[in-house]
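Chemist: below are the sequence and a predicted model for it; my questions follow.
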Amino acid sequence: VRHIHQGKAKQWHCPGLKRIEKASANESQVLIALAGGEIIYFELDPMSGNLAETGNKDMGADVCCVDVGTVQKGRSRSMFAAIGCRDQTMRVVSLDPASMLAQKSSTALRASPHGTALQFVSSGSGSVEENAGDADLILTVGLDDGSSLRVGVGPVTGSISASPARRFLGARPVSVSRVTVGSSPASLLLSSRPWISRPDPSSGRNVMAPLSYAPLDHGCAFTSDAIPEGIVATAGSTLRILSVEAEGSGLGTEDEAFNSTSSALRYTPRKMCLLSTGTTQPQQERSLVLAVVESDYNDYGLEEKTAMGFDGTGGTGKKSKKDAKKDGDDDAMEMDESDDEEEKKDAKDDDSDAEDELDEDELEAVATPIRGPFPPGPGHWGSCVRLLDPSDGCSTLDCVEMGRNEAALCCASVRFHSRGGEALLAVGTVTGMTMHPLKQSTSHILLYRVMNGERLQLLHRTEVSSGPVLAMAHFQGRLLVGIGSTLRLYEMGKRQLLRKCELRGLPTMVKTLQTAGDRAFVGDMMQSMQFVRYDSTANRLVLVANDRNPRPITCQELLDLNTAAVGDKFGNIAVLRLPQGADAGAVDISGTRALWDSSREDTTPKLDMLCHYHVGEVVTGMTRASLVAGGAEVLIYVTVTGRIGALVPFISRDDIEFFTLLEGCMRTDAPRPTGREPQAYRSYYAPIKHVVDGELCESFTKLSYEEQKKIADKLDRTVDEVAKNLERVRHS
């Protein structure tokens, strides 16, 4: 331990052959842990300015992490220190001279601690200095299993609270450091990705948000004249200094849990899929690219707009500085910029303060996209296929414009066995399609190859009939395509795709399509889900089951081989399951093949509806994913208004009973701004089934303490236990 005071350095050496393994310090205190479990405490003498050894203690187990805590305003020392030991315990010891290093409390952990931080956090609005009397002493612990634990410590007795808040952060052990964000204390947690844990200034509730940055190995607080609230961290062999902007970063808001990266497009995105651009050789690294198909109705293509002399700058013929830097890159939409804005930008070069004079309305007007000329008749489309690099901020690698009035509506990544398993991009297009009535002149399936991971090469075009191509998916080394009311299986040929088998007579039009094993899950535009099975011996597609309730399907997601979640245009989400043994009739064991389909609608097995929930907005997409590395999978959905929601599955009977009772209490006690019954709203088109209204349960934290206490008594819980359960499910 080296102490530098007034230009002179004083050193303290470890006794014998021992070495320092862990250490922590604040303004006046130093706590070190030696190999073998011995801790030694130093304190700065305010009179002489020397660092003196005050006490030592053997913890009886190897020490994994230590933290000496923070010093409150008006005090000379921290009264407690946190010590994590290899025996999976967390201990709080006293630093009071009257009871030096005496253990005040301890708690058992489910894994060995890896990092810890003990600091005072304001429980209300304002900083810790302003609310010194209301500040809470919080202990944050990072574990080796990738989870974190946050628990309160008594500021007088040092006792650890009995209801800790846990959260899984990643696959790597979690290290914890004290930092400052927005003039308030916070914790930096490093796992598979960096996290910030801090109190919300408005509500006082603790929020935890992932940082939009690369994974870090180590980090701690950093302060300088240029960066008053910074973080110095290491990532591999690099040293990095960064700062966290509390304003506008989403911390403490509904956007805290998300990190978004935007990319400008020419038209409305219709579909996207991931492609692997590597080869089958193991020594070459594989990379992923994102293919997006875009199209707009009643719009001209890029070539037609250019031929008409369309100028996105409003006809001035001038380019903005942002467009000039792109050197003519026209992948993004043209931006509206008048002469006044150009003059203001020129004046900004002379006076840097002129930027402040632009109000929000003027800045928004600068970035207003211009639509372009309006076609005189129906059937006009503008469309393109774009290749993005997700690892480079979704930058555009290649953009292929479709032909005149040709619209790309769907895409899929397909690996043909005859092609050696190379990932190809299949795109379904229509030409001259009109909405009323719904018709088109021709439909095509285009096959692209990704060259060098950055460019699209057209292999061939296949003209199809029977309707527009709205859905396609990879299926057993072939391409399964939904063409109108027909489901067709294709194999790759030298000049075009080769038709292998098909299933005709689907209710209206194939809208969504997914495959798993020998089954295809078809979403109809008006008549809900159709489960189809492929009989490889007879080379035919057989209808296994369908839904008895008509649903205008907009999106779907497989949950397992027999279960699918669907969303419709009326704002409903339903989970449908195939009855046990329903696919037995789809197997032809007679060895003969009928010349016609002998099945009847009344004999076709029907799907069972397991869950139903009314969201209230058109559900445009859903996927099954885990937002945290190693975390549980949830069903994530998005709506037409830009809303992102999640359906979290319960894994224990206790959680089901608790949240069902809480939902029942909130239905009667929660305020109703519109006067509508919550259960009646969630059952707008069909009764709600096996889904707990999470938004209604979340309103528990917005009630007054008297109302919270009343509801908690009905549940035989405390208010803190109810809030902890809500936070646990929110962070799952």
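Modeler: Received the coordinates, thanks.
Chemist: what's the helix or strand harbouring residue 721 packed up against?
Modeler: Assigned by DSSP states H and E, residue 721 belongs to helix 719-730. Identification of packing neighbours for helix 719-730 by 3 or more Cβ pairs under 8 Å, 6 or more residues apart in numbering; DSSP states H and E yields strand 165-168, helix 653-669, helix 694-698, helix 705-714. The way it works is simple: take the backbone N, C-alpha and C, and place the C-beta from them, glycine included.
Chemist: adding mean neighbour count, write the ones you listed out as JSON lines.
Modeler: Compiled in JSON lines, these are given as follows (neighbours: other Cβ atoms under 10 Å):
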{"stretch": "strand 165-168", "mean neighbour count": "19"}
{"stretch": "helix 653-669", "mean neighbour count": "15"}
{"stretch": "helix 694-698", "mean neighbour count": "16"}
{"stretch": "helix 705-714", "mean neighbour count": "14"}
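Chemist: out of these, flag the one nearest residue 725.
Modeler: Across these, residue 725 has its closest neighbour in helix 653-669 (6.3 Å, Cβ to Cβ).
Chemist: who touches that closest one?
Modeler: 650, 677-679, 692-693, 696-697, 699-700, 703, 707, 710-711, 714-715, 717, 722, 725, 729 (Cβ atoms under 8 Å, 6 or more residues apart in numbering).
Chemist: out of these, which end up buried?
Modeler: Burial by neighbour count, judged by 16 or more other Cβ atoms under 10 Å, picks out 650, 678, 692-693, 696-697, 700, 703, 711, 715, 717, 722, 725, 729 from these.
Chemist: now the residues you listed in a markdown table, please, with extra columns for distance to residue 668 and pLDDT.
Modeler: Shown next, in a markdown table, are these (distance: Cβ to Cβ, whole Å; pLDDT from 0 to 100):
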| residue | distance to residue 668 | pLDDT |
| --- | --- | --- |
| 650 | 23 | 90 |
| 678 | 10 | 89 |
| 692 | 16 | 94 |
| 693 | 13 | 93 |
| 696 | 11 | 91 |
| 697 | 13 | 91 |
| 700 | 13 | 90 |
| 703 | 12 | 88 |
| 711 | 10 | 92 |
| 715 | 13 | 91 |
| 717 | 17 | 90 |
| 722 | 16 | 90 |
| 725 | 20 | 86 |
| 729 | 22 | 82 |
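Chemist: just flag the most distant two among the residues you listed.
Modeler: 650 and 703 (23.4 Å).
Chemist: can you give me the helices for the protein?
Modeler: In the chain, the helices defined using DSSP state H lie at 302-307, 321-325, 339-350, 360-366, 653-669, 678-682, 694-698, 705-714, 719-730.
Chemist: now do the third one, average pLDDT.
Modeler: Helix 339-350 comes out with an average pLDDT of 46.
Chemist: now do the first one
Modeler: Across helix 302-307, the average pLDDT comes to 85.
Chemist: and the contacts of it?
Modeler: By Cβ under 8 Å, 6+ apart, helix 302-307 touches 266, 330, 372-373, 382, 384, 401, 404.
Chemist: ditto for stretch 681-691
Modeler: 549, 570-572, 574, 609-614, 616, 647, 679, 693.
Chemist: and the end-to-end length of that stretch?
Modeler: End-to-end distance of stretch 681-691 (Cα to Cα, to the nearest Å): 13 Å.
Chemist: what comes up buried for it?
Modeler: So stretch 681-691, judged by 16+ other Cβ under 10 Å, has buried residues 682, 686, 688, 691.
Chemist: same question, stretch 469-477
Modeler: Going by 16+ other Cβ under 10 Å, stretch 469-477 has these buried residues: 469-475.
Chemist: follow-up on the earlier one: widest-spaced pair of the contacts of stretch 681-691?
Modeler: Farthest pair in these, by Cβ to Cβ: 549 and 693, 21.7 Å.
Chemist: are any of the contacts of helix 302-307 buried, and which?
Modeler: The buried subset of the contacts of helix 302-307 - by 16+ other Cβ under 10 Å - is 266, 372, 382, 384, 401.
Chemist: nearest residue to the middle of the protein?
Modeler: residue 627 (4.7 Å; Cα atoms, centre = their mean).
Chemist: least confident secondary structure element in this structure?
Modeler: helix 321-325 (a mean of 40; mean pLDDT, DSSP states H and E).
Chemist: point out where the stretch 151-300 of the chain drops to low pLDDT.
Modeler: 201-204, 246-259, 278-286 (pLDDT under 70).
Chemist: gap between the closest residue to residue 381 other than its chain neighbours and residue 717?
Modeler: Closest residue in space to residue 381, ignoring its immediate chain neighbours: residue 407 at 3.9 Å, by Cβ to Cβ, 6 or more residues apart in numbering. In this view, residue 407 and residue 717 are 56 Å apart by Cβ to Cβ, to the nearest Å.
Chemist: check residue 381 too.
Modeler: Distance from residue 381 to residue 717, by Cβ to Cβ: 58 Å.
Chemist: which stretches in the stretch 301-450 of the chain count as strands?
Modeler: Assigned by DSSP state E, counting those that start in this stretch, the strands in the stretch 301-450 of the chain fall at 381-389, 395-401, 406-415, 423-431, 442-451.
Chemist: CA atoms only for the last one, dumped as CSV, please.
Modeler: Backbone C-alpha positions of strand 442-451 (Å, rounded to 0.1, in the frame of the first residue of the first chain) are rendered in CSV as follows:
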residue,chain,number,x,y,z
THR,A,442,-47.5,-11.3,-62.7
SER,A,443,-45.7,-12.7,-59.6
HIS,A,444,-42.1,-13.8,-59.4
ILE,A,445,-39.7,-15.6,-57.0
LEU,A,446,-36.2,-14.1,-57.2
LEU,A,447,-33.1,-15.9,-55.9
TYR,A,448,-30.1,-13.9,-54.8
ARG,A,449,-26.6,-14.9,-53.7
VAL,A,450,-24.6,-12.8,-51.3
MET,A,451,-21.1,-12.2,-52.8
